[in-house]
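>>> Coordinates for the following, if possible.
(chains A and B)
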Amino acid sequence: MAVIAEPVAVQLKRSSLWSRAFESRNFLGAMFMVPAIAILILFLAYPLALGFWLGMTDTKIGGVGRFIGFQNFVSLSKDSVFWLSVFNTIFYTVFASIVKFAIGLYLALLLNERLPFKSMVRAIVLLPFVVPTVLSAIAFWWIYDSQFSIISWVLIKAGLITSYIEFLGEPWNARWSVVLANIWRGVPFVAITLLAGLQTISPSLYEAANLDGATNLQRFRHITLPMLSPIIAVVMTFSVLMTFTDFQLIYTITRGGPINATHLMATLSFQRAITGGNLGEGAAISNAMIPFLVAAILLSFFGLQRSRWQQGGRD
Amino acid sequence: MTTMEDQSVGMDYLESFPKKFLRVYLPLGLIIVFLLFPFYWMAVTTFKPDAEMYDYEKYNPFLIAHPTLEHIKKLFFDTDYPLWMWNTVIVSVSSTFISLFASVCAAYAIERLRYTGSRYVGLAIFLGYLVPPSILFIPLAAIVFQLGLFDGNLALILTYPTFLIPFCTWLLMGYFRTIPYELEECALIDGATRLQILVKITLPLSLPGVISAGIFAFTLSWNEFIYALTFISSSENKTIPVGAITELVNGDVYHWGALMAAALTGSVPVVILYSFFVEYYVSAMTGAVKE
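Reported below is the predicted structural model:
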């Protein structure tokens, strides 16, 4: 070691402060972080803080606002449209997430079977996730058209209904319609990630269960589900976050209508802030989403901890 | 891709075809029809003349009697669609490259240099991914306006990395972790600088990761909507999703043919890119979630 160490020491003494700094991991690390950190602080952290501040001001577009404390929140708490948007957001998130999970898990189990053209099937399944949401939402908008809906046409031909359905003209129809579009968009993501989880489960577990005479249902209940639960928690947290803060689908298909029946908190905050010009009020509405998001993240985090603890603290 | 290989062994070769058909193929087929139908409907509407599109009595709506390119022609020659496409390409390519550069540097520093506090910085960057654009767009609009970037491509090129960098960094950290330390140590002893190591050893070895991060970043920025809707106002500066939604609808008259043509042609580039790299895409997506 001494043979190697000596020339290094000599070199270090000779080198300038600058080149010595480049030997330091901390200095180099900081330099490498500059591009990412600069962008994230300027366009992510700072706006996040600015959003909190804006929510407590009466800023209008093109003007300077003044601090009004919690007044925006007080007036929102008396605003029936705001509460309707909270209800819609929860309704949309709960139903879309449950069905996405159910179909996604089922599809993952089907894709995990021995299938011909397996990778092609997987590629096709993922398509709705890849295609721009707004563009596929336009297709749904056309599918739900009041006069030329293909769903209505098929149902009439099948003799199930007699007149065209007002998919987007009636509040509850509209709510279910956007939920369906969201499910269509979200199933591939859930299915493909759960499939990846399924494939990490060792086949020997199933073979052992087979030898013990376990039924299909028992194998699913006692092997698949427990082994899959960590990835289920991660996928569903993402799915709930994306659904809760969704904007594109609603804005494209209904713009919050009819009579605010499908307004989510995100679309309402856009309407108040950008279309209506009340930046402060809009920011307050989007800030009101944060407690829900934090709750969703904490819930899945503690859920994960708990399942790890139950499995004997592995990982 | 090792994890995605066929591991379904066991005794299912004993299952008869009719039984397997009912249990697997039929439900799978129904779900695939459900997932693909909107694309089919998009395509059918795009190539159908108006006369057929609005007449379900005389024509079967599922088929096209006289295919036409009039909607695509209208879209490309009577609207700003080519400009929107150009903007979308510029914005997606630029923000992808900015994000890849920043993410490669950050992931390398966090994962390989392991400077003091790198774990916490890594965690903080990951948390950035959980901040949804629908919370950020209002304050960002104020910032974009103050910086004088409003209504220009630069507003999007600089803001898209906020959701691309956290994702790409996270993905690349996973890839860098798989490269053995010994390789870097040897190079260090041979007198290579950290930058040389990154460019000549780490990057080539993690190329699949860099490619999938790039594809993800590109498709995510191609899909982005809320920032583009908020920060851009003139037609010639819009991106495809925003242009299609705001410019192709005249009052209450919806040009369904042109709208569907825009939806179809706007989806094609990402679908082509995706189909070339589908294996990377799937493995990256599943790998990233499994971390």
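>>> check contacts around residue 135.
Because you didn't say which chain, this covers chain A. B:240-241, B:244, B:262-264, B:266-267 (CB atoms under 8 Å, 6 or more residues apart in numbering or on different chains). Where C-beta positions appear, they are placed from N, C-alpha and C, glycine not excepted.
>>> if you could check chain B rather than the one you did, that'd help
Residue B:135 sits in contact with A:48, A:51, A:245, A:286-287, A:289-290, where contact means CB under 8 Å, 6+ apart.
>>> Repeat the analysis, applying 6 Å as the threshold.
residue A:286 (CB atoms under 6 Å, 6 or more residues apart in numbering or on different chains).
>>> which residues in chain B form strands?
B:249-250, B:253-254 (DSSP state E).
>>> And chain A, is the lengthiest helix in chain B touching that?
Ranked by number of residues, the top helix in chain B under DSSP state H is helix B:81-108. Yes. Contact of helix B:81-108 with chain A (CB under 6 Å from any CB of the partner chain) involves B:102, B:105-106.
>>> shaky segments in chain A?
Across chain A, the ranges flagged by pLDDT under 70 are A:1-23, A:307-315.
>>> hang on, the earlier thing: now a ChimeraX select for only the buried ones of the residues of helix B:81-108 next to chain A.
Here is the ChimeraX command that selects the buried residues among the residues of helix B:81-108 next to chain A (16 or more other CB atoms under 10 Å in any protein chain shown):
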select /B:102,105,106
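>>> Redo the residues of helix B:81-108 next to chain A as TSV? Include pLDDT.
Output for the residues of helix B:81-108 next to chain A, formatted as TSV (pLDDT from 0 to 100):
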residue	pLDDT
B:102	96
B:105	93
B:106	94
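>>> OK, contacts around residue A:168?
A:144, A:174, A:254.
>>> how far away is the nearest residue to residue B:59 once chain neighbours are set aside from residue B:71?
The spatially closest residue to residue B:59, leaving aside those adjacent along the chain, is residue B:52, at 4.5 Å (CB to CB, 6 or more residues apart in numbering or on different chains). Residue B:52 sits at a distance of 12 Å from residue B:71 (criterion: CB to CB, to the nearest Å).
>>> Looking at these two, which is more packed in?
residue B:71 (24 against 21; other CB atoms under 10 Å in any protein chain shown).
>>> okay, now the residue of the stretch 101-250 of chain B found nearest chain A: neighbour count?
Nearest to chain A in the stretch 101-250 of chain B, going by CB to the nearest CB, is residue B:115, at a distance of 2.8 Å. Residues lying near residue B:115 (other CB under 10 Å) number 20.
>>> so where do the strands sit in chain A?
Shown for chain A, no strands are assigned by DSSP E.
>>> centroid residue for it?
residue A:242 (2.1 Å; CA atoms, centre = their mean).
>>> Distance check, that one against residue B:29.
27 Å.
>>> next one: residue A:269
Residue A:269 sits 41 Å away from residue B:29, going by CB to CB.
>>> Residue A:246 too?
29 Å.
>>> Which one's more surrounded, these two?
residue A:246 (25 against 12).
>>> Next, give phi and psi for that one.
Per-residue torsions, residue A:246: phi -60, psi 140 (degrees, to the nearest 10).
>>> Next: residue A:256.
Dihedral angles (degrees, to the nearest 10) for residue A:256: phi 90, psi -10.
>>> okay but it is in contact with residue A:263, surely?
Yes. Between residue A:256 and residue A:263 there is a contact at 3.7 Å, judged by CB atoms under 6 Å.
>>> just the CA coordinates of stretch A:218-225, formatted as PDB?
Output in PDB follows, covering the C-alpha atoms of stretch A:218-225 (Å, rounded to 0.1, in the frame of the first residue of the first chain):
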ATOM      1  CA  GLN A 218     -57.200 -21.400  -2.000                       C
ATOM      2  CA  ARG A 219     -54.000 -21.000  -4.000                       C
ATOM      3  CA  PHE A 220     -55.100 -17.500  -5.100                       C
ATOM      4  CA  ARG A 221     -56.200 -16.500  -1.500                       C
ATOM      5  CA  HIS A 222     -53.100 -17.900   0.300                       C
ATOM      6  CA  ILE A 223     -50.300 -17.600  -2.200                       C
ATOM      7  CA  THR A 224     -51.100 -15.000  -4.900                       C
ATOM      8  CA  LEU A 225     -52.700 -12.300  -2.800                       C
END
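>>> Could I get the buried residue list for that stretch?
A:219, A:223-224.
>>> From the rest of the structure, what touches that stretch?
Counting by CB under 6 Å, 6+ apart, residues outside stretch A:218-225 touching it are A:205-206, A:209.
>>> between those residues, which is nearest residue A:281?
Closest to residue A:281 out of the contacts of stretch A:218-225 is residue A:205 (54.7 Å), distances taken as CB to CB.
>>> Next, count neighbours for that closest one.
For residue A:205, using other CB under 10 Å, the count is 14.
>>> ok, now residue A:25?
15.
>>> Could you do residue A:52 as well?
Counted with other CB under 10 Å, residue A:52 comes out at 14.
>>> Counting by contacts, list what the longest helix of chain B packs against.
Packing contacts for helix B:81-108, counted by 3 or more CB pairs under 6 Å, 6 or more residues apart in numbering or on different chains; DSSP states H and E, involve helix A:25-40, helix B:153-159, helix B:161-177, helix B:207-223, helix B:240-247.
>>> Figure out which of the ones you listed is closest to residue B:257.
Nearest of the helices and strands packed on helix B:81-108 (CB to CB): helix B:240-247, 12.6 Å.
>>> Return the residues of the stretch 201-315 of chain A in contact with chain B.
A:203, A:234, A:245, A:247-248, A:252, A:266, A:273-274, A:279, A:282-283, A:286.
>>> so of the residues you listed, which ones are in helices?
Using DSSP H, those in helices are A:203, A:234, A:248, A:252, A:266, A:279, A:282-283, A:286.
>>> Tell me which two of the residues you listed sit farthest apart.
Farthest pair in those, by CB to CB: A:203 and A:279, 56.6 Å.
>>> Which one's more surrounded, these two?
When residue A:203 and residue A:279 are compared for neighbours, residue A:279 comes out ahead with 27 against 12, by other CB under 10 Å.
>>> do you know how far the closest residue to that one other than its chain neighbours is from residue B:226?
Nearest residue to residue A:279, sequence neighbours excluded (CB to CB, 6+ apart): residue A:59, at 4.4 Å. Distance, residue A:59 to residue B:226, using CB to CB: 19 Å.
>>> Same question for residue B:220.
Taking CB to CB, one finds residue B:220 at 13 Å from residue B:226.
>>> who's more crowded, these two?
The neighbour count for residue B:220 versus residue B:226, taken as other CB under 10 Å, is higher for residue B:226 (24 against 20).
>>> that older thread, just the residues of helix B:81-108 next to chain A now: which is nearest residue B:15?
Closest to residue B:15, out of all of the residues of helix B:81-108 next to chain A and judged by CB to CB, is residue B:106, at 49.8 Å.
>>> how about the closest one, what does it touch?
So residue B:106 contacts A:33, A:36, B:169 (CB under 6 Å, 6+ apart).
>>> how about the nearest residue to it, chain neighbours excluded?
Leaving aside its sequence neighbours, residue B:106 sits nearest to residue A:36 (CB to CB, 6+ apart; 3.8 Å).
>>> The one you found reaches residue B:102, doesn't it?
Yes. The criterion here is CB under 6 Å, and residue A:36 meets it with residue B:102 at 4.1 Å.
>>> which of the contacts of stretch A:218-225 lies closest to residue B:131?
Looking across those and measuring by CB to CB, the closest to residue B:131 is residue A:205, at 38.4 Å.
>>> And the residue nearest to that closest one when sequence neighbours are not counted, how far from chain B?
Ranked by CB to CB, 6+ apart and with sequence neighbours excluded, the top spatial neighbour of residue A:205 is residue A:223, at 5.1 Å. Noted for residue A:223: a distance of 12 Å to chain B, by CB to the nearest CB, to the nearest Å.
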